[in-house]
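In: sequence? don't have it. structure:
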């Protein structure tokens, strides 16, 4: 009986006091951190496999399989060895790789916790759009990261080709992993460009017609970005990055045009049940003022001496 009496009634509109919001945020953050820690601990047992997964393609493309004497007899070419510098570097590198893998692999869990905290304050349409963004954004980022992973061996060959002949180029493993991480993030964010444009269109910032008018400048900008992001001098590698982003840009333009058409039909039908109607704040001219008869505000009454008094004060007789 006491528990049921103390139990708080749920607000039908989903409102809660600030303390409840903070408690909800604390619980969500705790679950996200637990997921990251658990995945990080599991990744610590496989951190060597994770490192080999990223470094083996590069090492196979530019690895030194021969001795220094045999290399001196060769005509030269790209050659490198991946090394570690320092006594604490292997341990710190293991922590760094494990934590990065924990954050990335557990991203569906902590993204869901973030969504669960924000979702109660969103309208029905906003929930639908945000779920669509998450469902489309994660695969797009993975596609960009995978493309970066496939182009790293070619990039390594081109960059190491600038080394003088018959020299052994040593690549610090921590620097190499930082470069791989930056490439994956840059390529992943590049594939998120169409999703960003669709978000701006849904927010009413830009229209699909304007995006369609930008196609020449966007093609040039994407091509320049691809040339800078891929250090390889091979034009096929540059076009391999530029062409998918071109296609995604035109897909985003088509989605924006369809959304503008749908928005026009919806505005003609009026606002929905959970949307506020637009207010017309344009001032209008005031018409003629009609005279209104009203009873006198002050009552007159004579006193005993015959003098008229208004509200208790003497007045002119």
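Out: Yep, it's here. Given the structure is predicted, the values throughout are model-derived calculations rather than measurements.
In: For the residue nearest to residue 94 when sequence neighbours are not counted, grab phi and psi.
Out: Nearest residue to residue 94, sequence neighbours excluded (Cβ to Cβ, 6 or more residues apart in numbering): residue 47, at 4.9 Å. Using the backbone N, CA and C atoms, a C-beta is placed for each residue, glycine as well. Main-chain torsions, residue 47, degrees, to the nearest 10: phi -70, psi -30.
In: Distance check, residue 47 against residue 93.
Out: 8 Å (Cβ to Cβ, to the nearest Å).
In: And for residue 51?
Out: For residue 51, the distance to residue 93 - Cβ to Cβ - is 8 Å.
In: shared neighbours of the two, which are they?
Out: Counting by Cβ atoms under 8 Å, 6 or more residues apart in numbering, the contacts common to residue 51 and residue 93 are 173, 177.
In: shaky segments in the protein?
Out: Along the chain, segments meeting pLDDT under 70 span 1-16, 63-78, 121-122, 125-126, 165-167, 231-234, 236, 267-281, 286-287, 292-317.
In: Please repeat the previous calculation with a cut-off of 50.
Out: Scanning the chain for pLDDT under 50 picks out 1-8, 67-69, 71-72, 317.
In: That one: strands as residue ranges?
Out: Using DSSP state E, the strands found in the chain span residues 80-83, 169-172, 300-302, 308-310, 313-314.
In: So which other helices or strands are in contact with the second one?
Out: Think strand 169-172. Applying 3 or more Cβ pairs under 8 Å, 6 or more residues apart in numbering; DSSP states H and E, we find strand 169-172 packed against strand 80-83.
In: what separates the closest residue to residue 174 other than its chain neighbours from residue 178, distance-wise?
Out: Spatial nearest neighbour of residue 174, excluding adjacent residues (Cβ to Cβ, 6+ apart): residue 93 at 5.6 Å. Computed with Cβ to Cβ, the distance linking residue 93 and residue 178 is 11 Å.
In: the more surrounded of the two?
Out: The residue with more neighbours, out of residue 93 and residue 178, is residue 93; 18 against 12, by other Cβ atoms under 10 Å.
In: Surely the more buried one touches residue 177?
Out: Yes - at 7.5 Å, residue 93 counts as touching residue 177 under the criterion of Cβ atoms under 8 Å.
In: so what sits against both of the two?
Out: residue 51.
In: what's around residue 144, how many residues?
Out: With other Cβ under 10 Å as criterion, residue 144 counts 24.
In: OK, contacts around it?
Out: 184, 187, 188, 189, 190, 191, 192.
In: Same list (those residues) but as TSV, adding neighbour count and distance to residue 30.
Out: Listed next are the contacts of residue 144 as TSV, based on neighbours: other Cβ atoms under 10 Å; distance: Cβ to Cβ, whole Å:
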residue	neighbour count	distance to residue 30
184	21	29
187	24	33
188	20	28
189	14	29
190	23	34
191	23	32
192	18	29
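In: would you turn those into a markdown table with distance to residue 251?
Out: Putting those into a markdown table (distance: Cβ to Cβ, whole Å) gives the following:
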| residue | distance to residue 251 |
| --- | --- |
| 184 | 23 |
| 187 | 18 |
| 188 | 18 |
| 189 | 17 |
| 190 | 15 |
| 191 | 12 |
| 192 | 13 |
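In: And the helices in the stretch 201-317 of the chain, which stretches?
Out: In the stretch 201-317 of the chain, the helices defined using DSSP state H, counting those that start in this stretch lie at 208-213, 215-229, 235-269.
In: Between those helices, which one is closest to residue 115.
Out: The closest of the helices of the stretch 201-317 of the chain to residue 115 is helix 235-269. By Cβ to Cβ, the value is 21.9 Å.
In: Any buried residues in the closest one, and which?
Out: Within helix 235-269, the residues that qualify as buried are 237-238, 240-242, 244-246, 248-250, 252-253, 255-257, 260, counting by 16 or more other Cβ atoms under 10 Å.
In: Going by neighbour count, which residues in the longest helix anywhere in the chain are buried?
Out: Scanning the chain for the helix with the most residues, using DSSP state H, yields helix 124-160. Of all the residues in helix 124-160, those buried under the rule 16+ other Cβ under 10 Å are 133, 137, 140-141, 144-145, 147-149, 151-160.
In: quick check: angle from that helix to helix 235-269?
Out: Here the directions of helix 124-160 and helix 235-269 differ by 170 degrees (axes from the mean of the first three to the mean of the last three Cα atoms, to 10 degrees).
In: Cool, thanks, signing off.
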